[in-house]
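A.B. asks: I need the structure of the sequence given here:
(one chain, ligands or ions: 2)
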Amino acid sequence: MQEFDLVVIGSGTAATGIATRCREAGWSVAVVDRLPYGGTCPLRGCDPKKMLRRGAEIVDAVRRFEGKGVVARDLRIDWPALMEFKRGFTETVPPGREKRFEDAGIATFHASARFLDRTTLQVGEERLRFRRCAIAAGAEPRRLAFSGAELLTTSDRFMELERLPRRILFVGGGYVSFELAHLAARAGAQVTVLNSGPRPLPAFDPDLVDMLVERTCGLGIAFHSNAEAEAVERAGEGFEVKASVEGATRTFEADLVVHGAGRVPALADLALEKAGIEGGETGVAVNAFLQSTSNEAVYAAGDAVLAGGPPLTPVAGLEAKVVAANLLAGNREKPDYSGVPSAVFTIPALARVGLLESEAREQGLDLTCTFSDMRDWFSIRRTGETHAAAKVLVEKGTDRILGAHLLGPDAGDLVNIFAIAIRSSLRACDLRDYPSAYPTAASDVGSML
Ligand SMILES: Cc1cc2nc3c(=O)[nH]c(=O)nc-3n(C[C@H](O)[C@H](O)[C@H](O)COP(=O)(O)OP(=O)(O)OC[C@H]3O[C@@H](n4cnc5c(N)ncnc54)[C@H](O)[C@@H]3O)c2cc1C
Ligand SMILES: NC(=O)c1ccc[n+]([C@@H]2O[C@H](COP(=O)([O-])OP(=O)(O)OC[C@H]3O[C@@H](n4cnc5c(N)ncnc54)[C@H](O)[C@@H]3O)[C@@H](O)[C@H]2O)c1
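C.D. replies: Ligands and ions are numbered 1, 2, ... in the order given. You can find the predicted model right below:
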């Protein structure tokens, strides 16, 4: 039996933030992960996705400039070479992260963790006793109940594909499906997306989502709403997917079927009940300080807990700081989720920060909603992009920025300006008045208000 002040389950964004801060304060700390160190974001999520997207972005930009001074001959994505470029980054992450832990004096374990009682974990052959434990185990694809669901490829495996199949079907119309569908279409695949709900990406502004869907269909992607996948089976080398589309049963053929139907906290293997930890599909049950409501030695952060913030990397980082502070100095800090931005890295990107228009109106706020169709703006025309818009919500009287919703080539970066404004309580007039370098995407901000 080995004993530690703190055992952290996971080695991703949340785990790393907690482990390093507690170790810096002199605690004995162990980190446990069953997969190579680094977690989802740098190995299987945000970063590799954005590296692969870079190839798609270049192909799309060149196509938009054909006839505008750029001649493209044999323009295409060389998928294996793009994968190699991605691996040049991802392969360095696990050894780098492990060295960082070891240099800091953090003990590292490579095995699955499972609770034995309120203060003990089984980790492979080892038993670890902890004074405190942080669950930062992330999320995994939601288990789907239909027959053949085990035939679906996860986003993890999609990002390792050596060859890109010709026909790809995505189940779900959320972040994962939209981002990977845009990438696959630029790489030459024939893409279908089935979304069970009436509208995809419900966390984003519906007017901008409609524009993104139009752009998506313009790429040749077959997008279906009210389309619920109900069964998958093998058919020759590929698959047949049965779905209820607008109430009628339809069959789709594909060479690859990808799971984009949601992710849930990865708690199933932890035997939480042995440690008296309450939790389920919505993650570890925690109080306002991110401490387990039923085992006070245990805290949770990141995708493993749905405490009010969306399951995103900046939220995992923010919650890690809160958990470390509360572990080290007692329960004082609560997470502040206001002004956390989010972007869907389609091409063009879709982004959001603050309230949706519908949420602001439901709260009875008196607001001005400025919608700008940016297609004819200089910053967009110069890129050849055909779909771009902004919607900014400002409270009347206080001039407070309530929300900003963007679609366009620079949406993923521009949204951060609005996020800073919201978190720093800047007013719309402050943003209107600041001089920005010209001509840049940021120099449009004043005109969006
Ligand atoms: C395809 C994809 C793209 C994404 N893109 C973005 C993006 O662009 N921007 C953004 O903000 N967010 C993005 N996300 C979400 C983001 O990756 C996560 O919110 C973030 O990585 C969560 O970090 P975490 O530390 O909570 O968990 P993770 O980084 O997932 O780490 C959890 C770790 O715990 C380990 N673990 C789990 N159970 C056990 C166990 N029983 N024993 C031992 N180890 C265990 C896992 O192996 C894993 O390594 C994306 C997610 C996906 C899937
Ligand atoms: N850019 C980013 O920040 C980014 C990128 C990828 C993933 N993520 C994170 O990962 C999480 C999971 O992403 P996701 O795209 O898997 O989930 P999601 O929750 O964004 O979307 C899932 C969609 O699948 C649909 N669906 C569910 N079952 C279905 C079925 N049987 N048939 C058809 N449609 C079905 C739902 O209606 C929903 O719209 C996100 O919530 C996000 O936090 C973030």
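A.B. asks: Could you use CA atoms for every contact and neighbour count after this?
C.D. replies: Will do.
A.B. asks: Pull up the residues of the stretch 251-400 of the chain that are close to ligand 2.
C.D. replies: G260, A261, G262, R263, P310, P311, L312, S342, A343, V344, F345 (CA under 6 Å from any ligand atom).
A.B. asks: if we go to 5 Å?
C.D. replies: G260, A261, G262, R263, P311, V344 (CA under 5 Å from any ligand atom).
A.B. asks: residues near L152, how many?
C.D. replies: 20 (other CA atoms under 10 Å).
A.B. asks: cool, Y434 as well?
C.D. replies: 10.
A.B. asks: What's the per-residue pLDDT of it here?
C.D. replies: Y434 is assigned a pLDDT of 89 by the prediction.
A.B. asks: what do you get for the one 4 residues further on?
C.D. replies: Reported pLDDT at Y438 in the predicted model: 95.
A.B. asks: want to try JSON lines for the residues of the stretch 251-400 of the chain next to ligand 2, with neighbour count, pLDDT and secondary structure as columns?
C.D. replies: Formatted as JSON lines, those follow (neighbours: other CA atoms under 10 Å; pLDDT from 0 to 100; DSSP: H, G, I helix; E, B strand; the rest coil):
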{"residue": "G260", "neighbour count": "27", "pLDDT": "98", "secondary structure": "coil"}
{"residue": "A261", "neighbour count": "22", "pLDDT": "97", "secondary structure": "coil"}
{"residue": "G262", "neighbour count": "18", "pLDDT": "97", "secondary structure": "coil"}
{"residue": "R263", "neighbour count": "17", "pLDDT": "97", "secondary structure": "strand"}
{"residue": "P311", "neighbour count": "20", "pLDDT": "97", "secondary structure": "coil"}
{"residue": "V344", "neighbour count": "20", "pLDDT": "98", "secondary structure": "strand"}
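A.B. asks: By mean pLDDT, which helix or strand of this protein comes out lowest?
C.D. replies: Least confident helix or strand, the chain: strand 279-280 with a mean of 91, by mean pLDDT, DSSP states H and E.
A.B. asks: Can you give the strand pairings for that strand, parallel or anti for each?
C.D. replies: Sheet pairing of strand 279-280 (DSSP bridges) gives strand 283-284 (antiparallel).
A.B. asks: Can you name every helix or strand that the helix or strand following the partner strand contacts?
C.D. replies: With elements assigned by DSSP states H and E, the helix or strand that comes after strand 283-284 is strand 298-300. In terms of contact count using 3 or more CA pairs under 8 Å, 6 or more residues apart in numbering; DSSP states H and E, strand 298-300 is assigned the packing partners strand 126-135.
A.B. asks: So for the strand it packs on, what gets flagged as buried?
C.D. replies: R127, L128, R129, F130, R132, C133, A134, I135 (16 or more other CA atoms under 10 Å).
A.B. asks: okay, those in TSV with pLDDT next?
C.D. replies: Below are the buried residues of strand 126-135 laid out as TSV (pLDDT from 0 to 100):
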residue	pLDDT
R127	98
L128	98
R129	98
F130	98
R132	98
C133	98
A134	98
I135	98
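A.B. asks: ok, so of the residues you listed, who is nearest G26?
C.D. replies: R132 (14.0 Å; CA to CA).
A.B. asks: The closest one bridge partners, please.
C.D. replies: Going by DSSP bridges, R132 forms beta bridges with L6.
A.B. asks: Tell me the spacing between it and A437.
C.D. replies: As judged by CA to CA, to the nearest Å, R132 and A437 stand 49 Å apart.
A.B. asks: helices and strands around the one helix or strand L393 maps to, which ones?
C.D. replies: Element membership for L393, per DSSP H and E: strand 389-395. Secondary-structure packing of strand 389-395 (3+ CA pairs under 8 Å, 6+ apart): strand 367-373, strand 401-408, helix 445-448.
A.B. asks: just so I know, which of these lies nearest R163?
C.D. replies: strand 401-408 (29.5 Å).
A.B. asks: And the contacts of the least confident helix or strand of the chain?
C.D. replies: P265, L267, L272, A285 (CA atoms under 8 Å, 6 or more residues apart in numbering).
A.B. asks: wait, isn't T368 in contact with G397?
C.D. replies: No: counting by CA atoms under 8 Å, T368 stays clear of G397, with 10.1 Å between them.
A.B. asks: So if I had to pick from those two, which one is more boxed in?
C.D. replies: Between T368 and G397, counted using other CA under 10 Å, the more crowded position is T368 (16 against 8).
A.B. asks: contacting residues around that one?
C.D. replies: T368 neighbours (CA under 8 Å, 6+ apart): L393, V394, E395, K396.
A.B. asks: Give me every residue in the stretch 101-250 of the chain lying close to ligand 1.
C.D. replies: Contact residues, the stretch 101-250 of the chain versus ligand 1 (CA under 5 Å from any ligand atom): S112, A113, A137, G138.
A.B. asks: is it true that the first one touches V31?
C.D. replies: In other words, S112. No: S112 lies out of contact with V31 (CA under 8 Å); the separation is 11.2 Å.
A.B. asks: neighbour count winner among those two?
C.D. replies: V31 (24 against 17).
A.B. asks: how close does that one get to I106?
C.D. replies: For V31 relative to I106 (CA to CA), the value is 7 Å.
A.B. asks: and if you look at C369?
C.D. replies: C369 sits 50 Å away from I106, going by CA to CA.
A.B. asks: Make sure I have this right: Y37 is in a strand.
C.D. replies: No: in this structure, Y37 is coil, not part of a strand, as judged by DSSP: H, G, I helix; E, B strand; the rest coil.
A.B. asks: How many neighbouring residues does the residue nearest to it when sequence neighbours are not counted have?
C.D. replies: Of all residues not flanking Y37 in the chain, P94 sits nearest, at 4.5 Å (CA to CA, 6 or more residues apart in numbering). The burial count assigned to P94 is 18, neighbours taken as other CA under 10 Å.
A.B. asks: Same question for L318.
C.D. replies: For L318, the count of nearby residues is 20 (other CA under 10 Å).
A.B. asks: In space, what's closest to it - neighbours in sequence excluded?
C.D. replies: Using CA to CA, 6+ apart, the closest residue to L318 is P335 (7.0 Å).
A.B. asks: do A15 as well
C.D. replies: In space, A15 is closest to A136, 5.3 Å off (CA to CA, 6+ apart).
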